[in-house]
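Asks: My questions are about this predicted structure, shown below with the sequence.
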Amino acid sequence: MSIMKIHGGRPLHGEVTIGGAKNSVVALIPAAVLSDNPVKLDMVPDILDVHNLMLILQSMNVSSYFTDGVLQIDPTEIKTGRLPSKAIKKLRASYYFMGALLGKFHRAVVSFPGGDNIGPRPIDQHIRAFEALGAHVTENGDTVYIDATEEGLTGAPIFFEMVSVGATINAMLAATLAKGVTTIHNVAQEPEIVDIATFLNEMGANITGAGTDVIRIEGVSHLRSTKTHTVIPDRIEAGTYLSLAAAVGDGVLIKNVVPDHLRPFLAKLQEMGVQLTVVDNTVYVKKRGTLKGVNVTTAPFPHFATDWQQPLTPLLLTANSESVITDTIYPKRQKHITQLQKLGAKISVNDRNQIIVHPTQELHGAEVSAGEIRAGAALMIAGLMAQGETVIKKSDNILRGYDNIERKLMDLHADVELINQLD
Ligand SMILES: CC(=O)N[C@H]1[C@@H](OP(=O)(O)OP(=O)(O)OC[C@H]2O[C@@H](n3ccc(=O)[nH]c3=O)[C@H](O)[C@@H]2O)O[C@H](CO)[C@@H](O)[C@@H]1O
Ligand SMILES: C=C(OP(=O)(O)O)C(=O)O
């Protein structure tokens, strides 16, 4: 586990370039096994989740090579079998191998995934989709057995009971090579869903409607990669740097963003009084002035993402009035609260699970622990705001999803050091 040491309290300035989206690439990598030939992905972030997915690929005899943001995956010699549960447990997205292997081999045996502990994260809607396509699903202890080897997969209507990013992607992966037409209703509309559909279509899939609430898939017999796929920019990483720039910046230019994907986040910053200039795929955040508190409610895209609420929290502390955060996706996603309190944050949770952020004049350094990826991001920003030294334990959780974080922060003139410790 790594630890991150920050000497905070100094203004940051300069430029930062956002990497490819974690929540896209973690599905694109499993999706690559559906291809009959090698696949190349560009703008791949250098994050732990990618390295763990490469280990899972290796266990399937799928070689992969990652250098300078380009990930090459060769699934031509793929072998099926039980996947390594240690690597599977390191991240949530390992469950995309369920849909991908089911699509390719009509069979998948995968342990329940890991990922951040942000409240109950059931996969009943994923299983419902696999069953609708004709698979027989059984669970034994920690393992899910998904089997359609007798009759194969047949396109069917699928109706989700709630909007789920994971279930939408898994259903797309399973249905792409199924016989006939699948229509998936009440799907998630996140930009990452569109990115996965684009990637599959580039390989010959026939998917329409990604980005709306109904996706239609006409099954095809095989997929073949013909071009390098460029991963979309990470809107959550962008939100994290926007918050950081608004909280401790003295002029920060954030490059490689899609402003449309950031709309709810930019709107909240503007409501607070943060001065922003959006030009093409960049956002410039001016030196901070007086900010006011705001109310934030998370909901599926195109609304304010659950993954943004924690990185925004330290900025809310600097406002001159109270803010209230309501997370409707993961109402108990509050691992950052007790840790921020250690840094002096005046912050509390009410009996309706709402986070109340009170104006806080100054934070001071302390030893804290990153309970999950976005809680880690919140602590990182708070550490940069705080006077003195902050030590963030369990920083591997930050490295799960933040590309080249030490270098990017140092380029903004932060005093930060990542120290790798043996587990
Ligand atoms: C819609 C939404 O905002 N999704 C977020 C969610 O995706 P993630 O993929 O984790 O969660 P889903 O989008 O799948 O689930 C959304 C909600 O539906 C529930 N659910 C989901 C699947 C299922 O089979 N059964 C079920 O009950 C979940 O518990 C959750 O309350 O967290 C990710 C990590 O923080 C974010 O990147 C996603 O943007
Ligand atoms: C919670 C997150 O990731 P995961 O779903 O991979 O645990 C996240 O990206 O904020």
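Replies: Looks like it arrived, so ask away. Ligands and ions are numbered 1, 2, ... in the order given.
Asks: Is stretch 166-173 positioned near ligand 1?
Replies: Yes: using Cβ under 6 Å from any ligand atom, stretch 166-173 reaches ligand 1 at 166-167. In this view, the C-beta of every residue, glycine as well, is placed from N, C-alpha and C.
Asks: average pLDDT for that stretch?
Replies: The average pLDDT within stretch 166-173 is 98.
Asks: Would you mind pulling the contact partners of that stretch?
Replies: 27, 30-31, 34, 92-93, 95-96, 98-100, 102-103, 123, 125-126, 128-130, 133, 158, 160, 182, 184, 187-188, 192-193, 196-197, 200, 207, 210, 215, 217 (Cβ atoms under 8 Å, 6 or more residues apart in numbering).
Asks: Looking at the stretch 201-350 of the chain, what residue ends up closest to ligand 1?
Replies: Per Cβ to the nearest ligand atom, P300 is where the stretch 201-350 of the chain lies closest to ligand 1, at 3.8 Å.
Asks: The closest residue to that residue other than its chain neighbours and K287, how far apart?
Replies: The shortest distance from P300 to any non-neighbouring residue, by Cβ to Cβ, 6 or more residues apart in numbering, is to V163 (4.4 Å). Distance, V163 to K287, by Cβ to Cβ, to the nearest Å: 38 Å.
Asks: which of these two has more neighbours?
Replies: V163 (18 against 13; other Cβ atoms under 10 Å).
Asks: How many residues are close by E362?
Replies: Counted with other Cβ under 10 Å, E362 comes out at 12.
Asks: Revised request: answer the last question for G152.
Replies: That count, for G152 with other Cβ under 10 Å as the rule, works out to 13.
Asks: residue contacts, it?
Replies: G152 neighbours (Cβ under 8 Å, 6+ apart): 106, 134, 178-179.
Asks: Name the residue of the stretch 1-150 of the chain that lies nearest to ligand 1.
Replies: For the stretch 1-150 of the chain, Cβ to the nearest ligand atom, closest residue to ligand 1: Q125, 3.2 Å.
Asks: And the closest residue to that residue other than its chain neighbours, its phi and psi?
Replies: Nearest non-adjacent residue to Q125, counting by Cβ to Cβ, 6+ apart: A167, 3.8 Å away. Note on A167: backbone dihedrals following degrees, to the nearest 10 are phi -70, psi -40.
Asks: Report whether the residue of the stretch 1-150 of the chain closest to ligand 1 is found in a strand, as I expect.
Replies: No: counting by DSSP: H, G, I helix; E, B strand; the rest coil, Q125 falls outside a strand, being helix.
Asks: ok, it - contacts?
Replies: Counting by Cβ under 8 Å, 6+ apart, Q125 touches 160-162, 164, 167.
Asks: is it possible to export those residues to a markdown table including secondary structure and distance to ligand 2?
Replies: Formatted as a markdown table, the contacts of Q125 follow (DSSP: H, G, I helix; E, B strand; the rest coil; distance: Cβ to the nearest ligand atom, whole Å):
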| residue | secondary structure | distance to ligand 2 |
| --- | --- | --- |
| F160 | coil | 18 |
| E161 | coil | 19 |
| M162 | coil | 16 |
| S164 | coil | 11 |
| A167 | helix | 13 |
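Asks: May I ask which of those has the most neighbours?
Replies: In terms of neighbours by other Cβ under 10 Å, the contacts of Q125 top out with A167 at 28 neighbours.
Asks: Just to be sure, I88 is in a helix?
Replies: Yes: remark: I88 belongs to a helix, assigned using three-state DSSP.
Asks: quick revisit: host element of the residue nearest to P300?
Replies: Using DSSP states H and E, V163 is not contained in any helix or strand.
Asks: Contact partners for it?
Replies: 186-189, 213, 300.
Asks: Show me the helices in the stretch 151-300 of the chain, by range?
Replies: Counting by DSSP state H, counting those that start in this stretch, the stretch 151-300 of the chain has helices at residues 165-175, 191-202, 235-248, 263-272.
Asks: before we move on, back to that, can you add neighbour count and give the contacts of V163 back as JSON lines?
Replies: What follows is the contacts of V163, written out as JSON lines (neighbours: other Cβ atoms under 10 Å):
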{"residue": "N186", "neighbour count": "16"}
{"residue": "V187", "neighbour count": "26"}
{"residue": "A188", "neighbour count": "22"}
{"residue": "Q189", "neighbour count": "18"}
{"residue": "D213", "neighbour count": "15"}
{"residue": "P300", "neighbour count": "19"}
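Asks: I'd like those laid out as CSV, including pLDDT.
Replies: Shown next, in CSV, are those (pLDDT from 0 to 100):
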residue, pLDDT
N186, 98
V187, 98
A188, 98
Q189, 98
D213, 97
P300, 96
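Asks: List the buried residues of the one helix or strand in the chain whose mean pLDDT sits lowest.
Replies: Lowest by mean pLDDT, DSSP states H and E among the helices and strands of the chain is helix 85-89, with a mean of 82. Neighbour-count burial for helix 85-89, counted by 16 or more other Cβ atoms under 10 Å, picks out 85, 87-89.
Asks: what helix or strand is the residue of the chain most remote from its centre on?
Replies: In terms of distance from the mean C-alpha position of the chain, E150 ranks first, at 35.4 Å (Cα atoms, centre = their mean). Under DSSP H and E, no helix or strand contains E150.
Asks: any idea how far it lies from T298?
Replies: 42 Å.
Asks: swap in G166?
Replies: Distance from G166 to T298, by Cβ to Cβ: 16 Å.
Asks: likewise L48?
Replies: From L48 to T298 the distance is 24 Å (Cβ to Cβ).
Asks: ok, now V62?
Replies: Taking Cβ to Cβ, one finds V62 at 35 Å from T298.
Asks: go on, V25?
Replies: 22 Å.
Asks: Which of these two has more residues huddled nearby?
Replies: Neighbour count, other Cβ under 10 Å: between V25 and T298, V25 has more, with 28 against 20.
Asks: Tell me what V144 is bridged to.
Replies: With DSSP bridges applied, V144 shows beta-bridge pairing to V110, E139.
Asks: Please report the number of neighbouring residues for it.
Replies: When neighbours are counted by other Cβ under 10 Å, V144 comes out with 21.
Asks: tell me the contacts of it?
Replies: 98, 108-112, 123, 127, 137-138.
Asks: Quick check on those: which are buried?
Replies: Neighbour-count burial (16+ other Cβ under 10 Å) is assigned, among the contacts of V144, to 98, 108-112, 123, 127, 137.
Asks: So, low pLDDT: which residues of the stretch 1-150 of the chain?
Replies: 115-116 (pLDDT under 70).
Asks: Would you map the helices across it?
Replies: 22-32, 48-59, 85-89, 96-105, 124-132.
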